[in-house]
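Student: Show me the folded form of this:
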Amino acid sequence: MMRASTIVCLLSAAIATTASGADEAVKETPAAPTGYAGVRFDCMHNFNRNKGQNQNCLAVSGLRLGMLHEMSATSRAHIRVDPFTAPSASMEATPLRDSFPLTSELALGIVDYYSAMWSPRPNLDIGVESYVGATSIPALSGLTLMDPMTDEGWKQTAVTLTYHLAAANGVRVRFALGNGEGENGRNHDPQQYFGFEVRAPIVEGLALVGGLSFDGNSVGSDRFAYEQKLAACGLNAGGEKPTSGYSAQRFGAGIEMDGTAKVAPGFKFGLGWQKSTLVDLQKSEKTYPLDSDLSVCDQLNPGEIFVESVDLEKANMVQRTTVALNASYRFAETWFVGVDVRQRTIDMGDVNLFQKCSSFNGTQCAVDGVPTNHAKQTGWTVGGGKELAPGLVFDFGYGRVAYDKKYNKFNYLGKNEKASDMLELFNSRIAYNWR
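Tutor: Residues are numbered from 1 along each chain as shown. Now for the predicted structure:
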């Protein structure tokens with residue numbers, strides 16, 4: 001992995017080599033700022049709730065106000081606010097928002113996106129922006145009812161360098177040097193973040209996508225505070241701030257068909273794989289909970305939990321791997337149908353955190369067998385939608401997500417306040433000018 005100082009030097013060199021061309025650009029009158037607005041409304045029915053219980057319909061899930069400003073043909077800025085903003089790309093689309101952190105818990109509050117970009121050449125963009133990560137995988141079903149099983153990391157402030165390689169069949173590569181995942185607006189630790197992503201067209205309408213990233217330290221970030229809050233049922237989150245948490249290494253790869261292929265016009269297809277590896281940085285320092293600390297917790301989220309090894313001589317490693325397949329087909333000009341299938345495997349390393357159950361009694365578990373360090377979740381959604389007018393889209397979907405077995409603490413709330421290994425939902429959404 002390259003040192004942060006080396007990456008900074010490379011970025012500085014790239015800027016310097018293009019500066020002379022930019023200085024010769026003719027000064028232009030700044031364009032008037034362009035504003036826009038976007039709204040989203042969800043109507044969700046949770047089949048796990050009892051008949052007659054309140055359902056989340058209608059609910060506002062997005063209220064975006066944005067402003068674009070161009071000082072010249074080579075420089076521009078963008079800012080967007082949303083009181084329903086999500087801290088990561090994997091949380092953005094889903095209507096399952098009850099467990100999300102509040103905007104008051106995020107460093108920049110309702111600020112959803114910001115950027116200042118410079119294009120010294122037609123094929124080069126240099127900027128400072130709110131960066132969502134390098135390892136996203138294709139999501140082309142057009143449906144919004146998806147359990148957020150991928151994990152690209154949380155938004156952060158980063159310097160980005162994007163090349164559009166026209167001579168290489170339109171390949172786009174992007175480098176990012178950031179504060180660290182979840183460190184938005186301010187740097188909180190000496191370790192930095194590096195990300196790389198690429199999109200390589202194969203033929204018209206078909207492309208390979210991929211990326212990798214490394215974040216040196218989780219401590220101090222918005223995500224760190226959120227994970228500590230979730231584990232506070234067994235861990236004192238208000239104690240002295242630790243010096244180190246975990247490092248995060250992520251990989252993502254996929255293939256996507258964007259609907260423009262001449263052999264299948266209107267057909268979109270995506271297949272992707274994403275893996276996150278989290279490694280304890282300080283064996284002797286207890287930053288995250290042990291298995292025993294979580295014994296009093298009623299319910300835990302396997303996508304937002306890190307546990308340390310009880311052996312102080314071992315640095316625990318947690319891995320989460322997601323495979324996704326999705327597709328959509330547009331017909332009659334304005335209608336579409338779609339499907340999305342995902343599976344996530346969670347490996348807790350040295351900690352056997354998943355205790356199998358033979359049955360649930362309320363939220364309690366009838367323990368069955370020895371605990372294990374791994375579990376799986378599988379989710380699928382089918383549905384469709386229609387473009388009612390330019391920029392106005394209606395979509396609907398039915399979906400399920402389930403664990404591979406009944407587990408203590410890792411489950412969903414079912415009927416009669418009883419734990420369930422499955423969550424079943426239907427959602428419809430109206431979105432206007434959502435971008």
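Student: Surely Ala231 is within a helix?
Tutor: Yes: counting by DSSP: H, G, I helix; E, B strand; the rest coil, Ala231 falls inside a helix.
Student: Now do the contacts for it.
Tutor: Ala231 sits next to 237, 288-289, 293-294, 297, 305 when contact means CB atoms under 8 Å, 6 or more residues apart in numbering. (C-beta placed from N, C-alpha, C; glycine too.)
Student: Of these - the most surrounded one?
Tutor: With neighbours taken as other CB atoms under 10 Å, the top of those is Pro289, carrying 25 neighbours.
Student: Can you get me a residue count around Ala86?
Tutor: By other CB under 10 Å, neighbour count at Ala86 equals 23.
Student: Skipping adjacent residues, who's closest to it in space?
Tutor: Take Ala86 and drop its neighbours on the chain: the residue closest to it by CB to CB, 6 or more residues apart in numbering is Glu92, 4.7 Å away.
Student: Helices of the protein, start to end?
Tutor: Remark: helices assigned in the chain by DSSP state H are 4-23, 89-92, 222-230.
Student: Now render the contacts of Ala231 as CSV, adding pLDDT and distance to Trp154.
Tutor: Shown next, in CSV, are the contacts of Ala231 (pLDDT from 0 to 100; distance: CB to CB, whole Å):
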residue, pLDDT, distance to Trp154
Ala237, 51, 17
Tyr288, 89, 16
Pro289, 88, 20
Asp293, 86, 23
Leu294, 86, 22
Cys297, 84, 22
Ile305, 89, 15
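Student: With distance to Asp189 added, can I get those residues in JSON lines?
Tutor: Putting the contacts of Ala231 into JSON lines (distance: CB to CB, whole Å) gives the following:
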{"residue": "Ala237", "distance to Asp189": "18"}
{"residue": "Tyr288", "distance to Asp189": "16"}
{"residue": "Pro289", "distance to Asp189": "20"}
{"residue": "Asp293", "distance to Asp189": "23"}
{"residue": "Leu294", "distance to Asp189": "25"}
{"residue": "Cys297", "distance to Asp189": "27"}
{"residue": "Ile305", "distance to Asp189": "21"}
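Student: which one of those residues sits closest to Cys365?
Tutor: Cys297 (12.2 Å; CB to CB).
Student: do you know how far the nearest residue in space to that closest one that is not next to it in sequence is from Leu353?
Tutor: What sits nearest to Cys297 in space, not counting adjacent residues and going by CB to CB, 6+ apart, is Cys233, at 4.3 Å. Applying CB to CB, to the nearest Å, the value for Cys233 to Leu353 is 14 Å.
Student: Give me the most central residue, this protein.
Tutor: For the chain, the residue nearest the mean C-alpha position is Ser90 (2.6 Å; CA atoms, centre = their mean).
Student: Now do the contacts for that one.
Tutor: 148-152.
Student: Show the contacting residues for the nearest residue to it once chain neighbours are set aside.
Tutor: Closest residue in space to Ser90, ignoring its immediate chain neighbours: Pro148 at 4.2 Å, by CB to CB, 6+ apart. For Pro148, the contact set (CB under 8 Å, 6+ apart) comprises 88, 90-91, 93-94, 96, 303.
Student: Can you give me the buried ones in stretch 114-133?
Tutor: Residues of stretch 114-133 classed as buried: 114-115, 117-120, 124-133 (neighbour count, 16 or more other CB atoms under 10 Å).
Student: out of those, what pair is the most spread apart?
Tutor: Within these, two members stand farthest from each other by CB to CB: Pro120 and Gly133, at 25.4 Å.
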